[in-house]
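Asker: Below is the structure, and that's it, no one-letter string:
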């Protein structure tokens, strides 16, 4: 029997369930009102499927916006498929929930950020860099910090 409750893992599971529920509702009913989503995901996680030109442009992470035009939203228990428009070019994407780093709905000032446990390694795409989450977090600390205030009304 485990001597400690793993609150971090339980919280991440609850947060991913929330994203599942929200996207499942959008799949069924469309986006209500002014709601829209900024979803940042790790493109190196196993199961992420994006076109080769997008993978070259976003080798580590990518942010998508689900707002005015999207098609084929298909939410499954482990992730979702969607078609988004990139420069008048429809592109299918497959995004596992485990790859999501942030989920933001600026219309209601709501956001989730998945903090990674330093000892956890996400499943990586076999032909990509096998960088551990700990190494990625160290490199992210060197990057720019983006404030969500710019998305608020």
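Answerer: Perfect, I can see it now. In this text the structure is predicted, and so the values were computed from the model without any measurement. Numbers count the residues shown, from 1 in each chain.
Asker: drop to CA atoms for contacts and neighbour counts, all remaining ones
Answerer: Fine.
Asker: who does the most centrally placed residue in the chain bridge with?
Answerer: Centroid-nearest residue in the chain, with Cα atoms, centre = their mean: residue 100, separated by 2.5 Å. Beta-bridge pairing of residue 100 under DSSP bridges involves residue 41.
Asker: That one: what's it in contact with?
Answerer: Residue 100 makes contacts with 39-42, 114, as judged by Cα atoms under 8 Å, 6 or more residues apart in numbering.
Asker: Could you do residue 51 as well?
Answerer: Here residue 51 is in contact with 91-93 (Cα under 8 Å, 6+ apart).
Asker: how much space is there between it and residue 57?
Answerer: 10 Å (Cα to Cα, to the nearest Å).
Asker: so residue 80 makes contact with residue 98?
Answerer: No - counting by Cα atoms under 8 Å, residue 80 stays clear of residue 98, with 10.9 Å between them.
Asker: Pull out the buried positions in the lengthiest helix in the chain.
Answerer: Across the chain, the longest stretch assigned as helix under DSSP state H is helix 7-29. Residues of helix 7-29 classed as buried: 12, 15-16, 19-20, 23-24, 26-27 (neighbour count, 16 or more other Cα atoms under 10 Å).
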